[in-house]
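Q: Attaching a predicted model along with its sequence, questions to come.
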Amino acid sequence: MIAALAGSIPASSAATATPPSEVGTLSRTAPGLPLPAASIVPGSFTAQQSGDNWTIKFSRTLNFSSFEISNQFPFQAWAELWEQDDSDDDFIGRTRASNVSPVSGTTLTATFRKTSDQLDTELGGEEIYVKALLKNLETGAVFQVATQRIQISP
């Protein structure tokens, strides 16, 4: 019964919680089962200041397995802006989730517009980073990657 049931379940990876300092695609699979999974590759990440206003841009490429593409699983993608702290990192903002069809090599961009006050979460300089997230709406699997940190002085 279990083998027949497992054979009919779409293969995917389950979400795992990993600190944002660990850059890469996050997934968990059963031992010995090579389950296909989407991946996120961070691209450009820039922060530009104009007076008290900041424009932070980020791009990433989404890749999907042939299984996800052939089954046309529905996905949602979004990005979150964070500021790194010694204890708990500070959440700065999130883009609106967008629906994504699984086509490998899809490049998405995100733009955050923030004021210096919104970015200034501690004394001294700030280190910001972006988390890119991708959720398979059929299976509930969430994939995440974090960018390198950028030092800014708001």
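A: All right, it came through fine. Numbers count the residues shown, from 1 in each chain.

Q: Report the central residue of this protein.
A: Ala132 (1.8 Å; C-alpha atoms, centre = their mean).

Q: how much space between that one and Gln49?
A: According to C-beta to C-beta, to the nearest Å, Ala132 and Gln49 sit 23 Å apart. C-betas here are computed from N, CA, C, even on glycine.

Q: now Val142
A: In this view, Val142 and Gln49 are 32 Å apart by C-beta to C-beta.

Q: Same question for Ala110.
A: Going from Ala110 to Gln49 by C-beta to C-beta gives 18 Å.

Q: between the two, who's got more neighbours?
A: More neighbours surround Ala110 than the other of Ala110 and Gln49, with 22 against 14 (other C-beta atoms under 10 Å).

Q: could you dump the one helix or strand that one maps to to CSV, C-alpha only?
A: Taking DSSP states H and E as the criterion, Ala110 maps to strand 106-115. What follows is strand 106-115, C-alpha atoms only, in CSV (Å, rounded to 0.1, in the frame of the first residue of the first chain):
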residue,chain,number,x,y,z
THR,A,106,13.7,32.4,-15.6
THR,A,107,15.2,35.6,-14.3
LEU,A,108,13.3,37.7,-11.8
THR,A,109,14.2,41.1,-10.4
ALA,A,110,13.2,42.8,-7.2
THR,A,111,13.4,46.5,-6.2
PHE,A,112,13.2,47.8,-2.7
ARG,A,113,12.8,51.5,-2.1
LYS,A,114,13.6,52.4,1.5
THR,A,115,14.6,55.5,3.5
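
Q: shaky segments in the chain?
A: 1-36 (pLDDT under 70).

Q: Let me see the contact set for Val130.
A: Contacts for Val130 (C-beta atoms under 8 Å, 6 or more residues apart in numbering) come out as 42, 45, 56, 58, 79-82, 110, 146-147.

Q: again, 6 Å this time
A: 58, 79, 81, 147 (C-beta atoms under 6 Å, 6 or more residues apart in numbering).
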